[in-house]
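K.L.:
got a sequence here, can you model it:
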Amino acid sequence: MEYELMRLAEFISENWSQWESFCEQHGDNAQEIYEQIGGED
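P.N.:
Residues are numbered from 1 along each chain as shown. Below you'll find the predicted structure:
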């Protein structure tokens, strides 16, 4: 599962503006979720 989370973090990083918009629409903190799945701040 670590590999899958790493790939997800890479995808989010490459599509950050869409990720932020998605999280805002759902009331979530984009940066917090990104860090929880292993993305770097």
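
K.L.:
going forward, measure contacts between C-alpha atoms and count neighbours the same way
P.N.:
Will do.

K.L.:
report the buried residues of the helix or strand that F22 is a member of.
P.N.:
In this assignment (DSSP states H and E), F22 forms part of helix 16-26. For helix 16-26, a neighbour-count test (16 or more other CA atoms under 10 Å) marks W19, E20 as buried.

K.L.:
how much space separates E4 from E24?
P.N.:
Separation of E4 from E24 (CA to CA, to the nearest Å) stands at 24 Å.

K.L.:
what packs against the biggest helix by length in the chain?
P.N.:
Ordering each helix of the chain by length in residues (DSSP state H) puts helix 2-14 first. Where contact means 3 or more CA pairs under 8 Å, 6 or more residues apart in numbering; DSSP states H and E, helix 2-14 is not packed against any helix or strand.

K.L.:
between that helix and helix 16-26, how big is the angle?
P.N.:
Angle, helix 2-14 to helix 16-26, by axes from the mean of the first three to the mean of the last three CA atoms, to 10 degrees: 100 degrees.

K.L.:
which parts of helix 2-14 are buried?
P.N.:
With burial defined by 16+ other CA under 10 Å, the residues of helix 2-14 counted as buried are L8, A9, I12.

K.L.:
which residues touch it?
P.N.:
Here helix 2-14 makes contact (CA atoms under 8 Å, 6 or more residues apart in numbering) with W19, Y34, I37, G38, G39.

K.L.:
hmm, try it at 6 Å
P.N.:
Residues from elsewhere that reach helix 2-14 (CA atoms under 6 Å, 6 or more residues apart in numbering): I37, G39.

K.L.:
what is the distance between that helix and the centre of its chain?
P.N.:
Its chain's C-alpha centre and that of helix 2-14 lie 8 Å apart, by CA atoms, centre = their mean, to the nearest Å.

K.L.:
just give the nearest non-adjacent residue to the residue nearest to the spatial centre of the chain, would you?
P.N.:
By CA atoms, centre = their mean, the chain has its centre lying nearest to Y34, at 3.5 Å. Once flanking residues are discounted, Y34 sits nearest to A9: 6.5 Å by CA to CA, 6 or more residues apart in numbering.
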